[in-house]
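> Here's my sequence, what's the structure:
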Amino acid sequence: MFHILDKTYFISSAVAAPKNVADIQEIIKLANEFEIPVWPSSKGRNIGYGGTTPRVPGSLGIDLDKNMNRVLKVDPENAYALLELGVTYFDLHEYLVKHNLPDQVWADVPDVGDDSVVGKCTRKSQFAYSQDDALRVGGCLARWFTPPHRDGALPNPKADNSKPPYEQEPNESWQIFDCSLGPHSAGIFSHSSLGIVVKMGIWLMLNPGGYQAYMVAFPRDNALDQIVEILRPLRISGVIQNTPKPDNVLVSAALQSHHAGYINSNTPLTDPRLDEVVKKLRVGRWNLYRAMYSLVRERSDARRRAYELIQVLITEVADQGWGDYRTHLALMDQIAETYNFNENA
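Predicted structure coming up:
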């Protein structure tokens, strides 16, 4: 797509499309016998890394999604699925729909729905948007890549050269994210050339009853610190069970148009120009994307707690000078009481 060398420079000498594990084993035996490098790929949608073009020209390409694209098993009772490498997020969703399973379990889908589920996990490019976050978005994140964190020789500008590696202070965030740093056996298959993953078990999410996606726009560019500080305790305590996604206005702008769509020059977008972009796109300087998962309506206690929470929120929002426009019929009178126009008429 963006060739630097000749278009045909990075090209496979041949491509094999195995149908099962035995085929892959035979392909690897032949490649070793004739000392031909191999380049396995599935449905990688990355430009460059993760694609089907081999790093070493003349490599033997192994197309793992053409024939190995089956959903091997879905267990709704224990909420997991066993997939071959060629299964995409769309494939998994369609399988669940075909077998009338969405009433029991859901599959989370990232921004690229036609990407390989297994490939996405082994690339560690999966972010969690579902209710139970990484534990159910990809079993790879929970079952494969959640080992006990251990020290190691880590590149660190604050390293004390007088101390051995196991006494070094690691990166401050190394224990926050499951796929961060440290040795673990499952890691030999992620971002690696040490093996070919042919199937993977992933966790599914139990049907929460429904969900509503939303975006909160923040007008000030310096709001990010406060956004993080407010969200951190909610995320750690489990009040928020999935990953909030804050995006800068530049991300929104890039999704809508090229640079030339906002300014007739090659200069960077200035603050005044970004303010114009905010107005044009009707977004904020920072935009927080999340989804709320609904309660189980059949449970009276869940309905009661939701009702009480909404009553509290209406009062607190009114105290801040904001007004609700429309809500449930049961809350109509409370909403009306928060407005005092014409002496509470």
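> going forward, measure contacts and count neighbours with C-alpha atoms only.
Noted.
> Would you mind measuring from residue 289 to residue 332?
The gap separating residue 289 from residue 332 is 28 Å, by CA to CA, to the nearest Å.
> Now do the phi/psi pair for residue 202.
Note on residue 202: its backbone torsions stand at phi -120, psi 160 [degrees, to the nearest 10].
> Tell me if I'm right that it and residue 84 touch.
No. When contacts are counted by CA atoms under 8 Å, residue 202 is not listed as touching residue 84 (10.9 Å).
> Residue 297: neighbour count?
The tally of other residues near residue 297 (other CA atoms under 10 Å) stands at 11.
> Grab the longest helix from the protein for me.
Using DSSP state H, we find that the single longest helix of the chain is helix 300-319.
> Give me the buried positions along the helix or strand following that one.
Helices and strands here follow DSSP states H and E; after helix 300-319, the next one along the chain is helix 332-337. Neighbour-count burial for helix 332-337 flags residue 335 (criterion: 16 or more other CA atoms under 10 Å).
> let's have the chain start at 26 instead
From this message on, residue numbering opens at 26, which makes the last subject helix 357-362.
> how about the CA coordinates for helix 357-362, as PDB?
Extracted C-alpha coordinates of helix 357-362, given in PDB (Å, rounded to 0.1, in the frame of the first residue of the first chain):
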ATOM      1  CA  MET A 357     -42.100  13.400  36.200                       C
ATOM      2  CA  ASP A 358     -43.100  15.200  39.400                       C
ATOM      3  CA  GLN A 359     -39.600  15.300  40.800                       C
ATOM      4  CA  ILE A 360     -38.300  16.700  37.500                       C
ATOM      5  CA  ALA A 361     -41.000  19.400  37.500                       C
ATOM      6  CA  GLU A 362     -40.100  20.400  41.100                       C
END
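> So which elements touch that helix?
helix 325-344 (3 or more CA pairs under 8 Å, 6 or more residues apart in numbering; DSSP states H and E).
> and the helix it packs on, what does it pack onto?
Helix 325-344 packs on helix 357-362, going by 3+ CA pairs under 8 Å, 6+ apart.
> ok, residues contacting the helix or strand just after the helix it packs on?
Sequence order places helix 366-369 as the next helix or strand after helix 357-362, per DSSP H and E. For helix 366-369, contacts defined as CA atoms under 8 Å, 6 or more residues apart in numbering pick out residue 362.
> buried residues in the longest helix of the chain?
Using 16+ other CA under 10 Å as the test for burial, helix 325-344 gives 339-340, 343.
> same check, this time on stretch 240-254
Residues of stretch 240-254 classed as buried by neighbour count (16+ other CA under 10 Å): 242-243, 249.
> what about the helices in the stretch 126-275 of the chain?
Using DSSP state H, counting those that start in this stretch, the helices assigned to the stretch 126-275 of the chain run over residues 142-147, 159-162, 164, 249-262, 274-281.
> most packed of those helices?
Most buried of the helices of the stretch 126-275 of the chain, by mean neighbour count (mean count of other CA atoms under 10 Å): helix 142-147, with a mean of 26.
> ok now that one, how far from the chain's centre?
The chain centroid and the centroid of helix 142-147 are separated by 11 Å under CA atoms, centre = their mean, to the nearest Å.
> tell me the mean pLDDT for it?
Mean pLDDT, helix 142-147: 79.
> cool, and stretch 218-228?
Stretch 218-228 comes out with an average pLDDT of 80.
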